[in-house]
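> Using only what follows, build the 3D model:
(one chain, ligands or ions: 2)
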Amino acid sequence: MKITDAKVIICSPGRNFVTLKIYTDEGLTGIGDATLNGRELAVASYLTDHVIPCLIGRDPHQIEDIWQYLYRGAYWRRGPVTMSAIAGVDTALWDIKAKAANMPLYQLLGGRSRSGIMVYGHANGRDIEEATDEALRYSEMGFKAIRAQAGVPGLKKVYGVSSGAQMASGAKFYEPADSSLPSEHDWSTERYLDHAPRLFEKLRETLGWDHHLLHDVHHRLTPIEAARLGKSLEPCRLFWMEDPTPAENQEAFRLIRQHTVTPIAVGEVFNSIWDCKDLIQNQYIDYIRATVVHAGGITHLRRIADLAAIYQVRTGSHGATDLSPVCMGAALHFDTWVPNFGIQEYMHHTDETDAVFPHDYSFRDGFLYAGEKPGHGVDIDEKLAEKYPYRRAYLPVNRLAHDGTLTNW
Ligand SMILES: O=C(O)[C@@H](O)[C@@H](O)[C@H](O)[C@H](O)CO
Ligand SMILES: [Mg+2]
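Residues are numbered from 1 along each chain as shown. Ligands and ions are numbered 1, 2, ... in the order given. Next comes the predicted model:
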């Protein structure tokens, strides 16, 4: 089989997505997600201008050789743009290979390891009461695991709190990339550290102990502040505290680990095994959040998961709405196979997004189920995609409320 063509499809059904489609001389096609929130066109150009010319004429079955060619052959290795582009190619090639084998992708990876994929949903509110009501609603929707985020008194706009309407799926629409220039949020660590434990005390008081509760700190604390938060949350028994501190310095997590047993999840911004090697080998984390779309595709994510398995670190892949249904579809096949699975994030896409990306995965009683169609089970309706042209959008920036210092969003 030979790759005869490939193209990048950029669309914006509620938010921007970058999709790579690969064509072969046997009529099989495959698609991969290559969306990088706020930097979409960089990845589109990397694919169109630098990668696609190298793919034409190659055997799509040679996934590993193509991966090595695109990784080592670029000379300039790693980084979110490069690895999202490689991920788009890799996912499309696995899609083609599974279609050629006439089997769902998880079978090709090694078969089913579990009956279904436990997922967590996003409950959030402007204050503790609203977030608690949302968490109750997610419990009624069948979620066994619920991430909770709430506004912080005195702060205008913080991460994770939706001001969107409720969608048909029951979830509230939330899209952080909300403007043609970065919107500015405000932050106070002191207010947040006083407030977060109260949110989870209220949630345990209201929901009881049968649900997993998760929280995303979103890179905002110093290591010792993260240690303090972890300790304060211990009585509420969280499933994980996510991104407690920026992870460029993996060694920083040793300090957090010395002070708290609250489980830690990191890695949605990681794009290679090198970003997580020390965190995993030192068991500074409990879950690795790397994803198909941002960590070089299925080929590389398997390597990260296998390293993690040696140290009893489990997967907890990112699954926000800026990862397209193509990524979710591929992730569910990966999650169905991977032996050290932990949990999968699941934010409902909009109905218009689901229409552009028809898929055969389904949600039932707190679990997602990959479909049985050959491939990863997701397609793109190119005609419909044309109705939603790209529009520039940025993730917000964040400033300290008391003096405007630029900090982590
Ligand atoms: O854990 C999460 O879902 C968040 O960290 C993401 O929603 C993140 O803010 C977005 O993916 C950024 O594009
Ligand atoms: Mg996160």
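
> ok, what's across the strand from the residue in the chain that ligand 2 sits nearest to?
Residue nearest to ligand 2 within the chain: Asp216 (4.3 Å; Cβ to the ion). (C-beta placed from N, C-alpha, C; glycine too.) When bridges are called by DSSP bridges, Asp216 pairs up with Glu242.

> tally of neighbours for it?
23 (other Cβ atoms under 10 Å).

> how close does it sit to Gly329?
23 Å (Cβ to Cβ, to the nearest Å).

> outside of the helix or strand that contains Lys383, which residues touch it?
Per DSSP states H and E, Lys383 falls inside helix 382-385. Helix 382-385 has contacts (Cβ atoms under 8 Å, 6 or more residues apart in numbering) with Ile9, Cys11, Pro13, Thr19, Ala355, Val356.

> Using CSV, list the CA coordinates for that helix.
Extracted in CSV, the C-alpha atoms of helix 382-385 (Å, rounded to 0.1, in the frame of the first residue of the first chain):
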residue,chain,number,x,y,z
GLU,A,382,-15.7,17.5,5.3
LYS,A,383,-18.7,19.2,3.7
LEU,A,384,-20.1,20.1,7.2
ALA,A,385,-16.6,21.1,8.4
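
> Quick check: nearest residue in space to the residue most central in space within the chain, chain neighbours excluded?
Geometric centre of the chain, nearest residue: His318, 2.3 Å, by Cα atoms, centre = their mean. Excluding its sequence neighbours, the residue lying closest to His318 (Cβ to Cβ, 6 or more residues apart in numbering) is Glu268, at 3.7 Å.

> Go ahead and confirm the one you found touches Thr291.
Yes - assessed by Cβ atoms under 8 Å, Glu268 is found in contact with Thr291 at 6.6 Å.

> Comparing those two, which residue is more hemmed in?
Thr291 (31 against 24).

> contacting residues for the closest residue to that one other than its chain neighbours?
Closest residue in space to Thr291, ignoring its immediate chain neighbours: His318 at 4.6 Å, by Cβ to Cβ, 6+ apart. Applying Cβ under 8 Å, 6+ apart to His318 gives the contacts Gly267, Glu268, Arg289, Ala290, Thr291, His294, Glu345.

> near ligand 1 too, which of those residues?
Glu268, Glu345 (Cβ under 6 Å from any ligand atom).

> top of the contacts of His318 by neighbour count?
Thr291 (31 neighbours).

> what residues are up against Leu368?
By Cβ under 8 Å, 6+ apart, the neighbours of Leu368 are Gly116, Ile117, Val119, Leu332, Asp335, Gln344, Tyr346, Tyr361, Ser362.

> Buried only: go through these for me.
Gly116, Ile117, Val119, Leu332, Asp335, Gln344, Tyr346, Tyr361 (16 or more other Cβ atoms under 10 Å).

> looking just at contacts, which helices and strands does the helix ranked longest in the chain meet?
Ranked by residue count under DSSP state H, the longest helix found in the chain is helix 80-100. Contacts defined by 3 or more Cβ pairs under 8 Å, 6 or more residues apart in numbering; DSSP states H and E place helix 80-100 against strand 17-24, strand 29-33, helix 40-45, helix 63-72, helix 105-109, helix 297-310, helix 325-337.

> Strands along the stretch 251-400 of the chain, start to end?
With strands called from DSSP state E, counting those that start in this stretch, the stretch 251-400 of the chain shows them at 264-266, 287-288, 314-315, 344-345, 362-364, 367-369, 397-400.

> Which one, of these, ends up nearest to Tyr71?
With Cβ to Cβ, the closest approach to Tyr71 among the strands of the stretch 251-400 of the chain belongs to strand 287-288: 19.4 Å.

> Hmm, Val292 is touching Asp33, no?
Yes - using Cβ under 8 Å, Val292 makes contact with Asp33 at a distance of 7.3 Å.

> what does the stretch 201-350 of the chain have sitting close to ligand 1?
Asp216, His218, Glu268, His318, Ala320, Asp322, Glu345.

> How much space separates Val119 from ligand 1?
12 Å (Cβ to the nearest ligand atom, to the nearest Å).

> let me redo that: Thr91
According to Cβ to the nearest ligand atom, Thr91 and ligand 1 sit 18 Å apart.

> contacting residues around that residue?
So Thr91 contacts 20, 30-33, 292-293, 297-298, 326-327, 330, 376 (Cβ under 8 Å, 6+ apart).
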